[in-house]
Structure formats: structure tokens, C-alpha cells
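Novice: any chance you can model this:
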Amino acid sequence: AVGLGLADAVVDLVETGTTMRAAGLCISDVIMKTQAVLISNPHTTHEVLVKKIRQRFEGYLTSSKFSLMTYNIPRSLLAKAILITPGKRSPTVQALEEDTWVAVSVMVENKETSDVMDKLKDLGATDILLVSLSNCRS
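Specialist: Just a heads-up that it's a prediction; the model follows:
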């Protein structure tokens with residue numbers, strides 16, 4: 001309506017503002033900040049469904065904060081590599097055909113991925129891959 005000249009202002013629920021900016025609009029003032037919450041009846045007869053919904057939300061939120069990093073590292077440097085990539089819980093380490101090397105898979109916070117990749121490369125890791133997550137379960 002604003003873009004068409006039909007209104008001077010609108011109130012809208014905005015998550016990131018991408019769509020609004022694409023329409024040539026900008027935020028002039030924040031009226032309030034909100035949050036979404038899942039509320040369940042403690043006496044629900046649908047406990048399994050409530051748990052499934054909660055897990056799906058948690059999985060999406062986790063996947064939006066983390067990426068999956070995999071790399072190869074000499075076994076002799078594994079302890080140092082794990083100090084760089086401790087993971088959300090713990091890294092997954094797999095033996096490679098070449099006995100002196102291992103493959104490591106680990107979840108890394110998105111804001112740290114570039115620095116972590118640089119540190120791993122400096123340490124001696126190779127084949128460092130970063131994969132975006134669309135969802136996960138903890």
C-alpha cells in the first residue's frame with residue numbers, strides 16, 4: 001500500500017526484513033519485539049505430538065546456527081584438531097584407508113566457520129568441506 005501511494009505507513013510483522021526491502025520499504029520504527037513460544041497443556045493427551053513439534057522446532061533452530069564441517073587430518077594431529085573443532089557434543093572420527101589419517105565430521109557454529117577452516121588448514125588438515133544444514137535432531 002505504501003509503495004502504491006495508498007497509505008503513508010503500515011504495521012507489519014517482520015522476521016528479517018528481506019521481503020520489505022525488496023519492495024523498496026524500510027523500517028522507520030520498531031513498535032515491539034516478539035517471540036514465538038510453544039505452550040502445551042501439562043495434562044495433554046497428545047504428549048507424543050507435542051514432543052514431535054518441539055523436536056522439529058529445536059532441529060530447525062539448531063540447523064540455522066550450525067554447519068557441518070568435515071576434514072581429513074593426520075592421526076598424530078587429531079588431538080590438536082579436536083581442540084579447534086570440539087563440536088556441539090563431540091566430533092565423529094572415522095579411520096581412512098591410509099592408516100595414518102582420519103576423517104572428522106563436526107558441527108561448527110556458522111559465525112566461526114571461516115576462522116575454524118583457516119586454523120584447520122594451518123594445522124595440516126586437508127579436504128575441508130562445509131555443508132549447510134536444513135534441519136537436524138539432537
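Novice: and the spatially most central residue of the chain, its phi and psi?
Specialist: The chain has residue 65 as the residue nearest its centroid, 2.4 Å off, counting by Cα atoms, centre = their mean. Torsion angles at residue 65 (phi, psi; degrees, to the nearest 10) stand at phi -100, psi -20.
Novice: how close does the closest residue to residue 126 other than its chain neighbours sit to residue 130?
Specialist: In this structure, residue 126 finds its nearest non-sequential neighbour in residue 72, 5.0 Å apart by Cβ to Cβ, 6 or more residues apart in numbering. Every C-beta, even on glycine, is put in place using the N, C-alpha and C of the backbone. In this view, residue 72 and residue 130 are 14 Å apart by Cβ to Cβ, to the nearest Å.
Novice: which of these two has more neighbours?
Specialist: residue 72 (19 against 15; other Cβ atoms under 10 Å).
Novice: list the buried ones in whichever strand or helix holds that one?
Specialist: Taking DSSP states H and E as the definition, one finds residue 72 inside strand 66-74. Residues of strand 66-74 classed as buried by neighbour count (16 or more other Cβ atoms under 10 Å): 66, 67, 68, 69, 70, 71, 72, 73.
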